[in-house]
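> Provided below are the primary sequence and the corresponding predicted coordinates.
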Amino acid sequence: MQPVLDFLKTNPVTYFATTAEGAVPKVRPILFCFEENGVLWFCSGKSKNFWKEMNANPQVEFTSFDGNRWVRVSGTVAFNDNPAIKTKILNQYENIKAIYQSPENPEFVSFCLEHWNATLFSFSETPVSFSR
């Protein structure tokens, strides 16, 4: 599991795929905020289609790429709008703080993947899989 976490810390821009039931999948860049006890944390805004799609279908997949290696992670989103988590995100990322300003902002939401499967790929190495 640690190689996946190290990769995401170094390559925090992820490309998240979501879909509402019966809809065409949508992919967009989303910042991986941090990991805590193996749980992967992200944030969004409630008015975004991204958030609405995850509420309609919480099964997601994302990838991140460094030019030679990439990770693919899949799991089910856990909706956990925790003020302490949101404060940690705001303190860590000025660009997110500029948008949402406060953990009490009703538009600002945090979510996580508590249980996930990941595979690290490379152009020159055998893929390695991990689960949490």
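Received, thanks. Source: prediction; values computed, not measured. Numbering: from 1, shown residues only.
> for the residue nearest to Ile85 when sequence neighbours are not counted, give its distance to Val13.
Setting aside the residues directly before and after it, Ile85 is nearest to Ser110 in space (Cβ to Cβ, 6 or more residues apart in numbering), at 4.6 Å. Yep, even glycine has a C-beta here, placed from its N, CA and C like the rest. Using Cβ to Cβ, to the nearest Å, Ser110 is found at 18 Å from Val13.
> mind checking which of those two has more residues around it?
Between Ser110 and Val13, counting by other Cβ atoms under 10 Å, Ser110 is the more crowded of the two (21 against 11).
> that one is in contact with Asp81, isn't it?
Yes: with contact defined as Cβ atoms under 8 Å, Ser110 reaches Asp81; the gap is 5.8 Å.
> what sits against the spatially closest residue to Asn49 that is not a sequence neighbour?
Take Asn49 and drop its neighbours on the chain: the residue closest to it by Cβ to Cβ, 6+ apart is Lys26, 7.1 Å away. For Lys26, the contact set (Cβ atoms under 8 Å, 6 or more residues apart in numbering) comprises 17-19, 49-50, 53.
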